[in-house]
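In: Sequence below, structure please.
(one chain, ligands or ions: 2)
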Amino acid sequence: MVSTGGISFPGCVPPPLRQKSFSPPSAFGFARLSNGISFKSTVVVCDWAEKKGSRAVIVNGKVDGLGKSECEIDLDATLGNGHAGNSGKNAGVLSTVGNSTNIKWHECSIGNVERQSLLNQKGCVIWITGLSGSGKSSVACALTKSLYKMGKLAYILDGDNVRHGLNRDLGFKAEDRAENIRRVGEVAKLFADAGVICIASLISPYRRDRDACRAILPDGYFIEVFMDVPLEICEARDTKGLYKLARAGKIKGFTGIDDPYEVPLNCEIVLKHNGGSPCDMADKVMSFLEQKGFLKA
Ligand SMILES: Nc1ncnc2c1ncn2[C@@H]1O[C@H](COP(=O)(O)OS(=O)(=O)O)[C@@H](OP(=O)(O)O)[C@H]1O
Ligand SMILES: Nc1ncnc2c1ncn2[C@@H]1O[C@H](COP(=O)(O)OP(=O)(O)O)[C@@H](O)[C@H]1O
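Out: Ligands and ions are numbered 1, 2, ... in the order given. Here you go, the predicted model:
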């Protein structure tokens, strides 16, 4: 555990920021697998293919020696020539991503670098996770106010609020929670690409779902904040009366009562329950943002 300025960094300290395009998923060229096989492909379509373990789809490509014209691989390698996203070389090439066939990424000459200079800040995702009643929304709001006072643009994606609209079709079983997190993760990524400091405040009880959101962002741009507040304290607060209902068996699958919460293992910031007011906690996140260079272009 490393501690800096009162902020705890359990496990690893996030890597230094790298200016990297948020634009995706298509690249020409030459990829290399972990087993040493190199292959030429006209297009590689994937989610952040340069990340180890990402899925990649080779369209119209040839895996040398195997002669496949279309295949799906686990990419455990780096792409030979990086993103083609802003090179313009892939004009006219259609891709397949998930169930979306024949799609093409469109680039604009105004990109996230230009938006960052406009806003004098770097967009990122601050992902606040913790039990119901742990103080997620309070910290999200306090942080937004502090940023606003500094002239920095932030936007909160609160689990409760997003469930009033975009995610109104989802319940609380594990698959629904996973889809809830996935959608919010994708929306948060768009906000970050827009240059906004996006504060996602959701219980997000499963490590795998949170890690999937981290994986779609450039390294260092997903800042996981764990509200380390014991269940007894959350339950004693019970502002909405939900714990009482859950204990009475009137709400089934309530996180912390009869549904799991997986504590983060390597988050960037831990906010302990005795760490002061929501404003004090927001200050710790502010220091982190300052230190990592997010509060300037
Ligand atoms: N079964 C169950 N378990 C947990 N929480 C429940 C449940 N049913 C309703 N609520 C209310 O929904 C809010 C959590 O929504 P999230 O979208 O953040 O949940 S999740 O991330 O999909 O797990 C949560 O809000 P917060 O108290 O702000 O966390 C609750 O008010
Ligand atoms: N740091 C804190 N210290 C004491 N009480 C807090 C703190 N943060 C939040 N609370 C209180 O706890 C309750 C739940 O906070 P909330 O932000 O709604 O949690 P969540 O969004 O995680 O459900 C509220 O009554 C809030 O005033």
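In: Please give the element, helix or strand, for the residue nearest to Phe191 when sequence neighbours are not counted.
Out: Leaving aside its chain neighbours, Phe191 sits nearest to Cys198 (3.7 Å; criterion: C-beta to C-beta, 6 or more residues apart in numbering). Just so you know, the C-beta spots here come from the backbone N, C-alpha and C atoms, and that holds for glycine as well. In this structure, Cys198 sits in strand 197-201 according to DSSP states H and E.
In: And the residue of the chain closest to ligand 1?
Out: Gly159 (2.2 Å; C-beta to the nearest ligand atom).
In: Which parts of the chain are strands?
Out: For the chain, the strands defined by DSSP state E occupy 2-4, 7-9, 26-32, 38-46, 54-59, 71-75, 95-97, 100-103, 124-129, 154-158, 197-201, 222-228, 269-272.
In: Least confident of those, on average?
Out: When these are compared by mean pLDDT, strand 7-9 comes last with a mean of 25.
In: follow-up on the earlier one: Ala188 is in contact with the residue nearest to Phe191, correct?
Out: Yes: using C-beta atoms under 8 Å, Cys198 is in contact with Ala188, at 4.5 Å.
In: Point out where the protein drops to low pLDDT.
Out: 1-92 (pLDDT under 70).
In: Please repeat the previous calculation with a cut-off of 90.
Out: The chain contains residues with pLDDT under 90 at 1-93.
In: got the residues of it near ligand 1?
Out: 132-133, 136-137, 159-160, 163, 172, 177, 180-181, 202-205, 240, 242, 251, 253-255, 259 (C-beta under 6 Å from any ligand atom).
In: redo that, cut-off 5 Å
Out: Listed as neighbours of ligand 1 in the chain under the rule C-beta under 5 Å from any ligand atom: Ser132, Gly159, Asp160, Phe172, Arg177, Asn180, Leu202, Ile203, Ser204, Gly253, Phe254, Thr255.
In: So among the residues you listed, which ones count as buried?
Out: Ser132, Gly159, Phe172, Arg177, Asn180, Leu202, Ile203, Ser204, Phe254, Thr255 (16 or more other C-beta atoms under 10 Å).
In: got the buried residues for the longest helix seen in the chain?
Out: Counting residues, the longest helix found in the chain (DSSP state H) is helix 174-193. Using 16+ other C-beta under 10 Å as the test for burial, helix 174-193 gives 177-181, 184-185, 187-189, 191-193.
In: can I get the CA coordinates of it in PDB?
Out: Only the C-alpha atoms of helix 174-193 are listed here, as PDB (Å, rounded to 0.1, in the frame of the first residue of the first chain):
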ATOM      1  CA  ALA A 174     -26.200 -10.100 -11.800                       C
ATOM      2  CA  GLU A 175     -26.700 -10.000 -15.600                       C
ATOM      3  CA  ASP A 176     -28.700  -6.800 -15.300                       C
ATOM      4  CA  ARG A 177     -26.200  -5.200 -13.000                       C
ATOM      5  CA  ALA A 178     -23.400  -6.200 -15.500                       C
ATOM      6  CA  GLU A 179     -25.300  -4.600 -18.400                       C
ATOM      7  CA  ASN A 180     -26.000  -1.500 -16.200                       C
ATOM      8  CA  ILE A 181     -22.300  -1.100 -15.600                       C
ATOM      9  CA  ARG A 182     -21.300  -1.900 -19.200                       C
ATOM     10  CA  ARG A 183     -23.700   0.800 -20.500                       C
ATOM     11  CA  VAL A 184     -22.600   3.400 -18.000                       C
ATOM     12  CA  GLY A 185     -19.000   2.500 -18.700                       C
ATOM     13  CA  GLU A 186     -19.500   3.100 -22.400                       C
ATOM     14  CA  VAL A 187     -21.300   6.400 -21.800                       C
ATOM     15  CA  ALA A 188     -18.600   7.500 -19.300                       C
ATOM     16  CA  LYS A 189     -16.000   6.800 -21.900                       C
ATOM     17  CA  LEU A 190     -17.800   9.100 -24.400                       C
ATOM     18  CA  PHE A 191     -18.000  11.800 -21.700                       C
ATOM     19  CA  ALA A 192     -14.200  11.400 -21.100                       C
ATOM     20  CA  ASP A 193     -13.500  11.600 -24.800                       C
END
